[in-house]
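Asker: Here is my input, please return the structure:
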Amino acid sequence: MKKKNHPGGQLNYMYWPLVLTILIVLMNIPLYFIDRKAGFCVSVFAVIYFLVVLGIYMVNKSMIRNEVISFATQYGTVQKRLLDEFEIPYALLDYNSKILWMNETFSRITEKDKDYHKSITTIFPSITRELLDREEHNDSIQVKWKERIYRVSVGKMYFDAPEDGNSLIEVEEASQFLIPFYLFDETELHQHIQENREQQLVSALIYIDNYEEALESIEEVKRSLLVALVDRKVSKYFSERDSIIKKIEKDKYFVAFKQKYLEELTEDKFSILEDVKTIKVGNEMAVTLSIGVGVSGNSYNQKYEYSRMAIDLALGRGGDQVVVKEGEKISYFGGKSRQVEKMTRVKARVKAHALREIFESREEVFIMGHSISDMDAFGAAIGIYCAAQVLGKKAHIVLDDVTSSLRPMKECFGEDKGYPADMFVRSERALELVNYRSVVVVVDTNRPNYTECPELLTRTRTIVVFDHHRQSREVIDNAVLSYIETYASSTCEMVAEVLQYFNENIHLKPNEADSIYAGILIDTNNFMTKTGVRTFEAAAYLRRCGAEVTRVRKLLRDDMAAYKARAEAVRHAEVYRKAFAISICPANPDVESPTIAGAQAANELLNIVGIKASFVLTEYNGKIYISSRSIDEINVQLIMERLGGGGHLNVAGAQLTDCTVKTAKRKIEETLDKMLEEGDIEV
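Answerer: Presented below is the predicted three-dimensional model:
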C-alpha cells in the first residue's frame, strides 16, 4: 500500500502541546513523595490540560490543513503565472529533447502553440539531443531565429517522480531529468560587437617586388612616370576604402584602413595585384606587388607586427601575392605569376659571410634535409659539410633512410674514400651529440615537421635554413640565418653560389661537386624546368670543380622495378577535365623509393599534349604522397596548399594521412573543381 503524502506534511508542530503533557506527568511524580495533596492537584491539572489541548487539536486540525492547502494552491498558481508571463523565453524539455511546456514569450517568439510537444530540434536544428546531453554547458551556444541572435542556456534538473502520480507534467520514466531551456536575445550586443570590430584599424605593408629590375628595363626619362603610375594605382585603390596611405620608402607603402573594408578587399581578391601589372610605359617587365595585412592584434603595435610578419611570408613565398595574418590564421591571395630571377648575387655573398661567422663561433655542425631525402637535399648537405670542413669544424649529416636512388651517391663518401665514419649519423645519434654550442643547418625544407629529425631543432639555439621552396604557415621561425630564395631552381644551386663566396681556399672534390650537380639536375628535370642564368652559372662552377656529367648520369640511373613502376603510373593515368593528368603509382615492394618514382612519373605526364598539370599519388609508410607538376599555365603550389602541402609554381607536393588513395584522388578532383569555379586556376 502506497504511503500518502498530504499537503502540509503531518503538521508535526501540533503535537508539541500533547508531548508537554507527558513532561508535566513526569514532573508530578516527585510531588507525591513530598506532598500528596499537591501531587493530586497537579495530576488533575495535567488531565484537564491534556483534554483541552486534545480538543483544540481535533477542532483546528482540518481547518489548519485546509488553510495550508489553500496557500499551496495559491502559491502554485502565482508561481505558474509568473513563469508563464516571464519576459525571458523559457521552456521545459524532457530527456529526449521533446518540449513539455513553454511560456507565453517562448510561444510568441517561436510562433508555436503551447500544445506543440515536438523535439526542440524541429525549431532550432542546431540544438541536437547530443548537445543537450552534455554534462557541462557554456554560454557559447547560439541560435538564429527570424534574423535575431539568441544565446541558449540549458541545464538539467534531476528528480524522483511522485509516488502518488500527482504531477503537473507527465514524465515517462522515474529518476529521469528535465531540461530548462532559456533564450537570451543578444542581437543588439552582437551588432555593437560587429560595429566595434569593423571600426578597428587594420595595418598593411605594400612592397614593390621588382622595383629595381622594372626601372632598369625602361628608358631613364620614363622611370619617374612608371613610379608615379604605380603610386597612383595604389593610392586610388585604397583611397576608395577610406584608407591612409603613406609611402615610407621608394618601393614601400604603409596603409591603414577600417576592418569593415577587409571583407570587401578579400571578395575582390585584391585586384590591385593584377591592376599594377597592366602598367606599361615601355617596360618589358611587369610590376608586381607583395602585401602583408595584420588583423586582430591587441594593440596597434601588434597589428603592425602581424603585417610585418605577413609581408615577410609573402616575400618568402615569391612575392606577387597578399598574405593576411589574423592571429594564428593566415590567408593567401594571388601568387600566380613566376618570380623573376635576381641577376645580382650580392645576397648570396652576404649570406655566405654570415654563415662563415656562425660556423666560426660554434663547435659542431649538424646538417639535415627533409625526411625521405632526395638528391637536392643530399647534395646541399654535402656542400654545407664541405664548408664546415674548410673551417676545421666537426660536421655530421643526419640521414636515417637511404633510398635506392640515393644509395649510389652516398657510397661515394665511405671511409675508403677518406671520409670519417661519423660523417652520416642517424637521428638517435645526432640527439646524443648535439648541444647548445652546436649549429643545425636545415636544407631543402623550411617546415620543421618535414625535417629528418624535428626534435633536433629544439636542442640548440643556432639554426640556419637554406631552401628554395615557398614558405607556408608552418615555418622554422627561430632561425638565426634564413636564406630562402623561391626563384632558385634548387637548394644545390643556392649552396653552390654560397660556396664561391664562403672561403677562397675551398676546393670541392669531384664526388662532392657531382653530388651538388646531381641535385640541380634532378630538380630542374635536366635543365628543362625553372632554369635561369644563375642555374647555369652554378653548374659551370661545379663543372670547374670536377663534376662530370657522364659520371652523374650513371649514378642517377633507375633500377628495373622503379622504371616499371613509373611506366605503370604513366600508363594508367586518367585525364580530368581535359587538362589534368591524375595517376596512382602502384605499390611495389621491390621499389625502395616509390615517392621518387611518383615524382618522375608526374614529370613524364607533362610530355603529353594538352596536359597542363599532373598529379601522381603514392601510398608509402601509411601516408599518401602527392607529386604535382606543371609547365607554366597552372600554379600547382596553390592547389597543393589547399591540401596542406606546398612547393613551387610548377613543382609542388602534399602528404595526406588517415585516408585512402581513392579518397585522396577524390580530394584532388574536388579541389580542382572548386578552384576552377572560384577562378583561382584556368584551363
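
Asker: Retrieve the pLDDT associated with the closest residue to Met309 other than its chain neighbours.
Answerer: Spatially, and ignoring its direct neighbours in sequence, Met309 is nearest to Lys325 (5.9 Å; CB to CB, 6 or more residues apart in numbering). Heads up, the C-betas are built off the backbone N, CA and C, glycines and all. On pLDDT, Lys325 comes in at 90.

Asker: ditto for Val68
Answerer: 66.

Asker: can you list the weak-confidence ranges in the stretch 551-683 of the chain?
Answerer: Along the stretch 551-683 of the chain, segments meeting pLDDT under 70 are nowhere present.

Asker: all helices of it, in order?
Answerer: 560-571, 594-605, 636-642, 661-678 (DSSP state H, counting those that start in this stretch).

Asker: just checking, what packs against the last one?
Answerer: Judged by 3 or more CB pairs under 8 Å, 6 or more residues apart in numbering; DSSP states H and E, helix 661-678 is in contact with strand 580-585, strand 613-620, strand 623-630, helix 636-642.

Asker: quick one: it to strand 613-620, angle?
Answerer: Interaxial angle of helix 661-678 relative to strand 613-620 (axes from the mean of the first three to the mean of the last three CA atoms, to 10 degrees): 150 degrees.

Asker: circling back: among the helices of the stretch 551-683 of the chain, which comes closest to Gly653?
Answerer: Using CB to CB as the measure, helix 636-642 is the one of those that comes nearest Gly653, at 6.1 Å.

Asker: Give me the sheet partners of whichever strand or helix holds the residue nearest to Met309 and which way each runs.
Answerer: Element membership for Lys325 (DSSP states H and E) is strand 321-326. When pairing is defined by DSSP bridges, strand 321-326 lines up against strand 289-295 (parallel), strand 329-334 (antiparallel).

Asker: Tell me how the chain divides into domains.
Answerer: 12-84, 90-192, 200-334, 346-555, 561-678 (automatic domain parsing).

Asker: which residues of the stretch 301-450 of the chain score low on pLDDT?
Answerer: Filtered on pLDDT under 70, the stretch 301-450 of the chain yields the residue ranges 336-344.

Asker: tell me the strands in it, going along the chain?
Answerer: Using DSSP state E, counting those that start in this stretch, the strands of the stretch 301-450 of the chain run over 321-326, 329-334, 364-368, 394-398, 424-425, 438-443.

Asker: okay if I get these as TSV plus distance to Glu212 and mean neighbour count?
Answerer: Formatted as TSV, these follow (distance: least, CB to CB, whole Å; neighbours: other CB atoms under 10 Å):
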stretch	distance to Glu212	mean neighbour count
strand 321-326	20	24
strand 329-334	21	17
strand 364-368	33	25
strand 394-398	37	22
strand 424-425	42	20
strand 438-443	29	28
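
Asker: Redo the ones you listed as TSV? Include distance to Val616.
Answerer: Converted to TSV, these look like this (distance: least, CB to CB, whole Å):
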stretch	distance to Val616
strand 321-326	26
strand 329-334	24
strand 364-368	26
strand 394-398	28
strand 424-425	29
strand 438-443	24
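
Asker: re the thing from before, turn the strands paired with strand 321-326 into a markdown table, columns for distance to Lys623.
Answerer: A markdown table is the format used below for those (distance: least, CB to CB, whole Å):
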| stretch | distance to Lys623 |
| --- | --- |
| strand 289-295 | 33 |
| strand 329-334 | 24 |
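
Asker: List just the one of the helices and strands packed on helix 661-678 that sits closest to Glu274.
Answerer: helix 636-642 (15.2 Å).

Asker: on that earlier part again, can you say which of the helices and strands packed on helix 661-678 is nearest to Ser126?
Answerer: helix 636-642 (27.5 Å).

Asker: who are the neighbours of the closest one, in terms of helices and strands?
Answerer: Secondary elements touching helix 636-642 (3+ CB pairs under 8 Å, 6+ apart): strand 623-630, strand 646-647, strand 651-657, helix 661-678.

Asker: then it to CSV, C-alphas only?
Answerer: Provided in CSV are the C-alpha atoms of helix 636-642 (Å, rounded to 0.1, in the frame of the first residue of the first chain):
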residue,chain,number,x,y,z
VAL,A,636,50.3,23.8,-58.7
GLN,A,637,51.5,25.3,-55.4
LEU,A,638,48.1,26.9,-54.8
ILE,A,639,46.4,23.6,-55.5
MET,A,640,48.7,21.7,-53.1
GLU,A,641,48.3,24.3,-50.4
ARG,A,642,44.6,23.6,-50.4
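
Asker: Now the element after whichever strand or helix holds Leu262, going C-ward?
Answerer: Assigned by DSSP H and E, Leu262 belongs to helix 260-267. Once helix 260-267 ends, the next helix or strand along the chain (criterion: DSSP H and E) is helix 272-277.

Asker: what comes up buried for that next one?
Answerer: For helix 272-277, a neighbour-count test (16 or more other CB atoms under 10 Å) marks Ile272, Leu273, Glu274, Val276 as buried.

Asker: From Gly679, how far off is the third one?
Answerer: When CB to CB, to the nearest Å is applied, the distance between Glu274 and Gly679 equals 11 Å.

Asker: Nearest spatial neighbour of Gly646, chain-adjacent residues omitted?
Answerer: Nearest one to Gly646, counting by CB to CB, 6+ apart, is Ser472 at 4.5 Å.

Asker: To what extent is the closest residue to Ile596 other than its chain neighbours buried, counted in neighbours?
Answerer: Excluding its sequence neighbours, the residue lying closest to Ile596 (CB to CB, 6+ apart) is Ser405, at 5.3 Å. Using other CB atoms under 10 Å, Ser405 is surrounded by 23 other residues.

Asker: who are the neighbours in contact with Ser405?
Answerer: For Ser405, the contact set (CB atoms under 8 Å, 6 or more residues apart in numbering) comprises Asp374, Met375, Leu556, Asp558, Ala562, Glu592, Ser593, Ile596.

Asker: re earlier: okay if I get the helices and strands packed on helix 661-678 as TSV plus mean neighbour count and distance to Glu284?
Answerer: Formatted as TSV, those follow (neighbours: other CB atoms under 10 Å; distance: least, CB to CB, whole Å):
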stretch	mean neighbour count	distance to Glu284
strand 580-585	25	32
strand 613-620	25	28
strand 623-630	25	24
helix 636-642	23	25
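
Asker: so which of these comes closest to Lys530?
Answerer: Among the helices and strands packed on helix 661-678, strand 623-630 sits nearest to Lys530 (CB to CB), with 10.9 Å.

Asker: Please save the CA atoms from that closest one in CSV.
Answerer: Only the C-alpha atoms of strand 623-630 are listed here, as CSV (Å, rounded to 0.1, in the frame of the first residue of the first chain):
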residue,chain,number,x,y,z
LYS,A,623,50.7,8.2,-45.9
ILE,A,624,49.5,9.3,-49.3
TYR,A,625,52.2,11.3,-51.1
ILE,A,626,51.1,13.6,-53.9
SER,A,627,53.6,14.8,-56.5
SER,A,628,52.3,17.7,-58.6
ARG,A,629,53.9,19.2,-61.7
SER,A,630,53.0,21.8,-64.3
